[in-house]
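Chemist: Predicted model and sequence follow; I will ask about them next.
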Amino acid sequence: MTSFYYRVAFFILLLIQVENVHAQSTSTERYGVYGGYSINFHSADFRALPGVPNCCPKFENGTGGGFAFGALYEFSITKRFWFTLRAGYSTLNATLVREEYVPALRLADDYYFPDAAIDHRIKARLSTIGIAPIITFNPIGGLRFHSGIELASLGSINYDQVEEMKAEGLVFKENLKRTRNEYSGDLSGVNRFQTSLIIGTSMELPLNRSRSMIIAPEAIFHIGLSNLTESVVWKANAFQIGISLKYAPQTNSQPIPTIPKIPNGIIPQAAESTPKENPAKTKVTTTKSPVTSVIKFDAFGITEKGEQSPLNGIKVEEFISTQLKPLLPYLFFEPNSSKIPGRYSTLSQAEKSSFSLNEAAHSHTLDVYYQLLNIIGKRMSENSEAILKLTGCNSDMG
């Protein structure tokens, strides 16, 4: 019982871990391939194949194995729902067996057995090529549930049929052989168009940090809706266990916008110049007369009430102001990189002692932000008992 709880706890931790990695992906489409082993289950309700003699009371079921492989494409409809399109090849081989008791003879002494066990056996080999539109639900992390319809084309059905005594030494009394009704070939009247219901689940696991390569173990049921032949009831079902390998193109993350520096002065625009005509050259003689400047002014002061008062003296006032610069408490990294970007200012050992918070505060707001590491380091050195808490986060996209 304790081991069961450990397994449940491990599965929950796996879902949480995959959910954290999944949050870093911004891809909305995937391309990939899939493949796996197919456990086939056939359901039937017929006594004999069309045009093939058989003494079986009724065939009801059969089992077999095969494989399936193909390509896939999927894209997100919403945050939780995806549309998946698969195209692939599947083998649905199976052997149908029915036991019966019939009269038999023993050749060694011609002893008659009224009830001897025999096997009616049909070994069928068949394959399909089809496409499957699927709706995928993604409730948490990489866990996915699938539901859809497969539309497939069935090729020929090759079969081997035999009725055989199960006990050694016994033969049929009709032909004195251990087997009878042995036939093989390609079955006629095949229903070429096949449909099946698809229900399954898978778990996506990333193969790299950017989640551009994904591997997904999967288990999918194929429930046959169409008969394999036109004249008898015979359907093929399959339980496929395999993996899919997907490539998820990553969208480029938007760069952090930078604030352009505003120039301190106004740059006057140059006046448009027009070509001047060359005037006729003439000689003009001018005489400069002395000019005497006369300037007269009165000085007044303005009171707090807006009244003029004679300016008899100079009043000096000193104001103390506090200037605050907001400091964004985030450090932004480049996509898929743990290296501190070069836009953040760092100090050498010789520059640490001369660094001043007052000088940094007189810079532009964006320049102050790029001094983030130096400012925090200065405060930590001045307050040795201070505790610095670092919290990692992402862009909450994907």
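Modeler: Yep, it's here.
Chemist: switch to C-alpha atoms for all contacts and neighbour counts from now on
Modeler: OK.
Chemist: show me where the stretch 201-350 of the chain has strands.
Modeler: 205-206, 213-224, 233-247, 300-302, 308-310 (DSSP state E, counting those that start in this stretch).
Chemist: what comes into contact with the last one?
Modeler: So the one you mean is strand 308-310. Strand 308-310 has contacts (C-alpha atoms under 8 Å, 6 or more residues apart in numbering) with A299, F300, G301, I302, T303.
Chemist: change it to 6 Å
Modeler: With C-alpha atoms under 6 Å, 6 or more residues apart in numbering as the test, strand 308-310 has contacts from F300, G301, I302.
Chemist: Could you point out which of those is nearest to I149?
Modeler: Distance to I149, by C-alpha to C-alpha, is smallest for I302 among the contacts of strand 308-310, at 89.1 Å.
Chemist: ok, how many other residues are close to the nearest residue to that closest one once chain neighbours are set aside?
Modeler: Excluding the flanking residues, the one nearest I302 by C-alpha to C-alpha, 6 or more residues apart in numbering is Q308, at 4.8 Å. Q308 has 12 neighbours, counted by other C-alpha atoms under 10 Å.
Chemist: Check I295 too.
Modeler: Using other C-alpha under 10 Å, I295 has 5 other residues around it.
Chemist: Now do the phi/psi pair for it.
Modeler: With angles defined as degrees, to the nearest 10, I295 sits at phi -120, psi 130.
Chemist: for the one 4 residues further on, same thing?
Modeler: Backbone torsions for A299, taken as degrees, to the nearest 10, come to phi -100, psi 130.
Chemist: How about the one 5 residues further on?
Modeler: For E304, the backbone dihedrals (degrees, to the nearest 10) come out as phi -60, psi -20.
Chemist: What distance do you get for it to F319?
Modeler: In this view, E304 and F319 are 17 Å apart by C-alpha to C-alpha, to the nearest Å.
Chemist: for A117, same thing?
Modeler: 114 Å.
Chemist: if you count what's nearby, which of the two comes out ahead?
Modeler: A117 (17 against 4).
Chemist: on that earlier part again, which of the contacts of strand 308-310 tops the neighbour count?
Modeler: G301 (14 neighbours).
Chemist: in stretch 294-310, what counts as buried?
Modeler: Residues of stretch 294-310 classed as buried: none (neighbour count, 16 or more other C-alpha atoms under 10 Å).
Chemist: would you put the C-alpha positions of that stretch in PDB?
Modeler: Backbone C-alpha positions of stretch 294-310 (Å, rounded to 0.1, in the frame of the first residue of the first chain) are rendered in PDB as follows:
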ATOM      1  CA  VAL A 294      21.700 105.600 -23.400                       C
ATOM      2  CA  ILE A 295      20.200 103.000 -21.100                       C
ATOM      3  CA  LYS A 296      17.900 103.800 -18.200                       C
ATOM      4  CA  PHE A 297      16.000 101.200 -16.100                       C
ATOM      5  CA  ASP A 298      14.400 100.900 -12.700                       C
ATOM      6  CA  ALA A 299      14.600  97.700 -10.600                       C
ATOM      7  CA  PHE A 300      11.500  96.400  -8.800                       C
ATOM      8  CA  GLY A 301      10.700  93.300  -6.800                       C
ATOM      9  CA  ILE A 302       7.500  91.300  -6.800                       C
ATOM     10  CA  THR A 303       6.000  90.300  -3.500                       C
ATOM     11  CA  GLU A 304       4.100  87.100  -2.800                       C
ATOM     12  CA  LYS A 305       0.900  89.000  -3.400                       C
ATOM     13  CA  GLY A 306       2.100  90.100  -6.800                       C
ATOM     14  CA  GLU A 307       2.700  93.700  -5.900                       C
ATOM     15  CA  GLN A 308       5.800  95.700  -7.000                       C
ATOM     16  CA  SER A 309       8.200  97.000  -4.400                       C
ATOM     17  CA  PRO A 310      11.400  99.000  -4.700                       C
END
